[in-house]
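Visitor: Sequence and predicted structure are below.
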Amino acid sequence: MSECFLEIDETKAKFNLTIAAVSTETPITKKYYPTFVDASNGTNEILVADAYISGNGVAYVRVYNSNQCYAIAKVNLKVIPPKRSPLLVDKIICIDSRTNLDAGPGYQSYQWNTGATTQVLSGVSVGDYWVILKDNGCFVKQFVSVKKAEDPVITELEISNNTVTVHVTGGKAPYQYAVDAPTNWQDSNVFTGLTRGQHTFYVKDTYNCTPTSVEVTVPNLINAITPNGDNKNDVIDYSELAYKDNLTFVIYDRYGNKIFTGDKFNNYKWDGKHYDKKIVTGTYWYHINWNEPNKQKTPIKYTGWILVKNID
């Protein structure tokens, strides 16, 4: 006897032992047992023989004729396992895209939750779907999801002079990058020779969905100051960035010692002094950090150097 698997336990099925063809003689009386020993001894009788739950195996029937003579018949029990489609797997698409779901050939029927009865469900969007597949007279319900591709996230931009490095996480690598227009894509996340001012950086991943973008200010580079009081190149001034979120501006000497911190109280301006004393003429380094005022609050890390010429 062959029966379809149970949904609660696919290794088992419900068998109606009463319809097993065990004898052509009539009239007969039948009793059912799980083992040959039980059938021989009349022990452990199966009382609900028309709904016997079993895995692949055997059952035994003690068959009596009208003279109360009996013989023991063996019934082979076979569970028909579910036949799921190996082709029907979750897909990832862009949020505004469509795709096809193919349950594969060879099934007796297809019944999608959309009402379609075809092998292929065409033009579906992001969402959850299922299909009931019929095979060998048995039905299996198979679930499948169409998921939105995760957008790559621009986590940080590092600016050094006129070079910008774009750091990205999320999505699915490899990434491609562009600046100012989502057209001239490159594999490198480094852009050189950029002009000062506003630039928009774009990133897309292997799914080629709508690019992620962020607009960034590349500050005006100041390479030297001569703080001698003539009102020409006396200060390094980044007050134009004061509208940025979490703006910090720090000067270091060549040994990494912090000698100045720009903040709203000094309007992010430095006159080449350390505790109101002129510093030694030389090259100094500065770091400027802020978060762009966008939805992502993109962190910006700007590094540069400056030559300070203190002339009495």
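Guide: That came in fine, so what should we check first? Numbers count the residues shown, from 1 in each chain.
Visitor: quick one: Asp237 from Pro227, how far?
Guide: For Asp237, the distance to Pro227 equals 12 Å [CB to CB, to the nearest Å]. All C-beta atoms are positioned from the backbone trio N, CA, C, and that covers glycine.
Visitor: Neighbour count for these two, which is higher?
Guide: Using other CB atoms under 10 Å as the criterion, Asp237 and Pro227 rank with Pro227 on top: 19 against 16.
Visitor: Which residue comes closest to that one once chain neighbours are left out?
Guide: Distance criterion CB to CB, 6 or more residues apart in numbering; nearest residue to Pro227, sequence neighbours excluded, is Gly272 at 3.8 Å.
Visitor: Give the burial count for the one you found, as a bare number.
Guide: Gly272 has 23 nearby residues by other CB under 10 Å.
Visitor: quick one: it and Leu307 touch, right?
Guide: No: if you go by CB atoms under 8 Å, Gly272 and Leu307 don't touch, sitting 10.2 Å apart.
Visitor: Quick check: neighbours shared by these two?
Guide: Jointly contacting Gly272 and Leu307 under the rule CB atoms under 8 Å, 6 or more residues apart in numbering are Ile225.
Visitor: follow-up on the earlier one: ok, now which ones touch the residue nearest to Pro227?
Guide: Listed by CB under 8 Å, 6+ apart, the contact partners of Gly272 are 225, 227, 234-236, 278-279, 308, 310.
Visitor: quick one: which of those sit in strands?
Guide: 225, 236, 278, 308 (DSSP state E).
Visitor: Considering those, which member attains the minimum pLDDT?
Guide: When the ones in strands among the contacts of Gly272 are sorted by pLDDT, the bottom entry is Ile225 at 78.
Visitor: in the sheet, who's paired with that one?
Guide: With DSSP bridges as the criterion, Ile225 is bridged to Val308.
Visitor: Against Tyr275, how distant is it?
Guide: 18 Å.
Visitor: The two: which is more packed in?
Guide: For Ile225 versus Tyr275, the count of surrounding residues by other CB under 10 Å is larger for Ile225: 21 against 7.
Visitor: Out of the contacts of Gly272, who's the most crowded?
Guide: Neighbour tally across these (other CB under 10 Å): the maximum, 24 neighbours, falls on Ile236.
Visitor: measure it to Gly272 for me?
Guide: To Gly272, Ile236 is 8 Å away according to CB to CB.
Visitor: Spell out which residues are contacts of both of those two.
Guide: Contact criterion CB under 8 Å, 6+ apart; residues shared by Ile236 and Gly272: Ile225.
Visitor: With Gly197 as the reference, measure out to Asn233.
Guide: Remark: distance between Asn233 and Gly197 (CB to CB) = 21 Å.
Visitor: Repeat that for Trp130.
Guide: For Trp130, the distance to Gly197 equals 53 Å [CB to CB].
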